[in-house]
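Undergrad: just to be clear, the model below is a prediction. Sequence and coordinates:
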Amino acid sequence: MQDSTIWWLATGVAVGLELVTGTFYLLMLAVGTAAAALAAHAGATTTVQLVVGAVVGCGAIVVWHQLRKRKPT
């Protein structure tokens with residue numbers, strides 16, 4: 001199985017769990033796994049894929065958290 005396929009499956013699992021639990025953070029991590037899948041499609045090494053997924057996923061969480069701080073609910 002190719003690396004990109006594994007990343008896309010992980011993305012699907014994260015989105016599915018987010019739909020069940022309603023945790024928006026899982027959706028942000030799914031964005032990270034999708035970015036890692038795109039890096040795999042581009043031919044990046046496994047290390048680069050992991051770094052891309054971690055940076056994009058964690059970055060999306062930080063941005064979401066900062067946006068939530070600004071807007072009172």
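TA: Looks like it came in fine. Keep in mind the model is a prediction, meaning the values are calculated, not measured.
Undergrad: return the residues in contact with the residue positioned nearest the centre of the chain.
TA: Central residue of the chain (CA atoms, centre = their mean): Gly32, 2.2 Å from the mean position. Residues counted as contacts of Gly32 (CB atoms under 8 Å, 6 or more residues apart in numbering) are Val52, Gly53, Ala54, Val55, Val56, Gly57, Cys58, Ala60. The C-beta positions use only the backbone N, C-alpha and C, and glycine is treated the same way.
Undergrad: which of those tops the neighbour count?
TA: Neighbour counts for the contacts of Gly32 peak at Gly53, which has 24 neighbours (criterion: other CB atoms under 10 Å).
Undergrad: who's in contact with that residue?
TA: For Gly53, the contacting residues are Trp7, Gly32, Thr33, Ala35, Ala36, Ala39, by CB under 8 Å, 6+ apart.
Undergrad: and with 7 Å instead?
TA: When contacts are counted by CB atoms under 7 Å, 6 or more residues apart in numbering, Gly53 touches Gly32, Thr33, Ala35, Ala36.
Undergrad: what is the nearest of the residues you listed to Trp64?
TA: Closest approach between those and Trp64, by CB to CB: Gly32, at 12.0 Å.
Undergrad: work out for me the element the closest one sits within.
TA: helix 24-41 (DSSP states H and E).
Undergrad: which is the next helix or strand following that helix?
TA: Past helix 24-41, the next helix or strand by DSSP H and E is helix 46-70.
Undergrad: which stretches of this structure have low pLDDT?
TA: Low-confidence segments of the chain (pLDDT under 70): 72-73.
Undergrad: if we go to 50?
TA: Applying pLDDT under 50 to the chain flags no residue at all.
Undergrad: before we move on, back to that, the helix holding Gly32 to helix 46-70, inter-axis angle?
TA: Put simply, helix 24-41 runs at 150 degrees to helix 46-70, going by axes from the mean of the first three to the mean of the last three CA atoms, to 10 degrees.
Undergrad: from Lys71, how far off is the nearest residue to Leu29 once chain neighbours are set aside?
TA: Once flanking residues are discounted, Leu29 sits nearest to Gly57: 4.6 Å by CB to CB, 6 or more residues apart in numbering. Separation of Gly57 from Lys71 (CB to CB, to the nearest Å): 22 Å.
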